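> Here you go, sequence then predicted model.
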Amino acid sequence: MKPVTHLPADLGYRLDEYTREKQELLNTRIQLETDQVVQASVLVPLVFLDGEWQLLFQHRTSSVATHKDEVSFPGGAAEPEDLSPEFTALREAHEELGIPMEEIHVIGRLPVMKMFPFFQVTPVVAWLDARNEYSLSEDEVSRVFVVPLSWLGDPANWYNQPIMHNGVEVPVLHYKLYEGEVVWGATAYLARMVTKLVH
């Protein structure tokens with residue numbers, strides 16, 4: 001696919017429309033296993049680098065509580081003092097990657113995702129200026145890397161791999177290896193959603 005050199009002027013509107021269309025479907029598809037729901041947010045960060053728009057990912061350390069040694073977007077559980085899901089996403093990106101909150105420009109949200117067993121995650125899409133260095137939280141993040149939207153949008157670069165869940169085989173989206181990293185699961189799903197809405 002061609003490099004994405006411009007974001008659509010109506011990307012915020014596209015995000016809103018997509019969320020309105022898909023949210024009810026997602027709510028009925030996945031039921032959480034408990035009434036004790038933890039609200040969380042992730043930041044889906046777009047960065048313009050090397051003449052095209054790319055998504056920024058992080059590789060989690062092996063010492064974090066969940067999703068050890070996996071690729072993810074910055075994010076985490078909401079704190080009682082957080083003002084909104086957007087605030088949670090920006091705060092977590094600042095804590096994990098050292099990005100000042102005022103340098104993160106929110107575009108909109110994607111549908112809330114229910115993640116087993118008890119997380120309800122709001123994805124927040126934003127753009128930020130490319131940086132030469134990030135102040136990584138050593139306990140949580142081992143490295144950051146970017147992947148062009150043109151690569152993420154190419155169907156030749158993704159596949160579904162069956163994974164056992166509660167005794168049932170479930171197809172899970174995986175991207176092919178990129179710079180030694182595998183983007184898969186909910187992170188891959190969000191990456192593909194953003195890529196489709198940008199094109």
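Structure's in. What do you need?

> what are the pairing partners of the least confident helix or strand in the chain by mean pLDDT, and which direction each?
Here the helix or strand of the chain ranked lowest by mean pLDDT, DSSP states H and E is strand 113-115, holding a mean of 81. When pairing is defined by DSSP bridges, strand 113-115 lines up against strand 119-128 (antiparallel).

> average model confidence for the partner strand?
Mean pLDDT, strand 119-128: 93.

> And that strand, what's buried?
Residues of strand 119-128 classed as buried by neighbour count (16 or more other C-beta atoms under 10 Å): 119-128. In this view, the C-beta of every residue, glycine as well, is placed from N, C-alpha and C.

> Following the chain past that strand, name the next helix or strand.
Remark: after strand 119-128, the chain's next helix or strand is strand 141-148, criterion DSSP states H and E.

> Counting by contacts, list what the helix or strand following that following strand packs against.
Proceeding N to C from strand 141-148, the next assigned helix or strand is helix 149-152, under DSSP H and E. Applying 3 or more C-beta pairs under 8 Å, 6 or more residues apart in numbering; DSSP states H and E, we find helix 149-152 packed against strand 52-60, helix 185-198.

> which is the next helix or strand following helix 149-152?
strand 158-165.

> Could you list the paired strands of that next one along with their orientation?
Counting by DSSP bridges, strand 158-165 is paired with strand 168-175 (antiparallel).

> any weak-confidence spans in this structure?
Residue ranges of the chain with pLDDT under 70: 27-35, 62-69, 116-117, 165-166.

> Grab the longest helix from it for me.
Counting residues, the longest helix in the chain under DSSP state H turns out to be helix 11-29.

> what residues are up against residue 25?
Listed by C-beta atoms under 8 Å, 6 or more residues apart in numbering, residue 25 has no contact partners.

> The same query, at a cut-off of 10 Å, please.
residue 111 (C-beta atoms under 10 Å, 6 or more residues apart in numbering).

> Please apply the same query to residue 97.
Residue 97 touches 43, 45, 56, 58, 74, 104, 128, 131, 134-137, 140-141, 144, counting by C-beta under 10 Å, 6+ apart.

> try 7 Å
58, 74, 134, 136, 141, 144 (C-beta atoms under 7 Å, 6 or more residues apart in numbering).

> pretty sure the second one is touching residue 96, no?
When you say that, I think you mean residue 74. Yes: using C-beta atoms under 7 Å, residue 74 makes contact with residue 96 at a distance of 4.8 Å.
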